[in-house]
Each structure stands twice: as structure tokens, then as C-alpha cells.
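Chemist: sequence and predicted model, in that order:
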Amino acid sequence: MYRQFLALQQVSRRAISSTVCRPLNKVPEKQRMFQEDNGIPVHLKGGSSDALLYRATMALTVLGAGYVVFELVSAAIPKK
């Protein structure tokens, strides 16, 4: 039991005293990226994930509008 406690203590000490330097403030990097004048629209400057999200949103919008028109037409035409 004591041996397991010492191992856990050593692992926790290593995790806390890690020497890896992680940048805490990424805002200046993002500001530089979004303010750069490279001809890309601002809603696509985030990379491939932004492009994928944009395309999925446009596809759902077009499909939803088509479905609304279909339902309106089917409601307007009397059934036999």
C-alpha cells in the first residue's frame, strides 16, 4: 500500500513540476491571423474546420429551404 502511495506521489509531482512551457495567451497570434489581408473572407480564415463548418451550414440551409418550399407546395395542392 505504501509503495503505491509513493508511486502516486511521484507521478503527481512530475505532472505538476513539468518544465514544458505552454503559451497561455494565444490572442495575439489569432489577431495577427485574422487581421492579415490575404483575400480570404474572415469566416474562413480559421482553416479547414471553418470551411467544413461553412459548407455544412450552407448545405443544411439549402436543404431546409427546399423542404419548406416542398411542404408549402404540397399543402397548397389539394389531395385527390
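Modeler: Looks like it arrived, so ask away. Numbering: from 1, shown residues only.

Chemist: list the buried ones in whichever strand or helix holds residue 64?
Modeler: The secondary structure element spanning residue 64 is helix 48-76 (assigned by DSSP states H and E). Across helix 48-76, burial judged by 16 or more other CB atoms under 10 Å covers no residue at all. To be clear about C-beta, it is placed using only N, CA and C from the backbone, and glycine gets the same treatment.

Chemist: got the contact list for the most centrally placed residue in the chain?
Modeler: With distances taken as CA atoms, centre = their mean, residue 49 lies nearest the centre of the chain, 6.4 Å away. Contact criterion CB atoms under 8 Å, 6 or more residues apart in numbering gives no residues in contact with residue 49.

Chemist: where does pLDDT dip in this structure?
Modeler: Along the chain, the parts satisfying pLDDT under 70 run over 5, 11-21.

Chemist: on that earlier part again, now the residue nearest to the centre of the chain: how far from residue 55?
Modeler: As judged by CB to CB, to the nearest Å, residue 49 and residue 55 stand 11 Å apart.

Chemist: again, but for residue 67
Modeler: Between residue 67 and residue 55 the distance is 18 Å, computed by CB to CB.

Chemist: thank you kindly, that will do.
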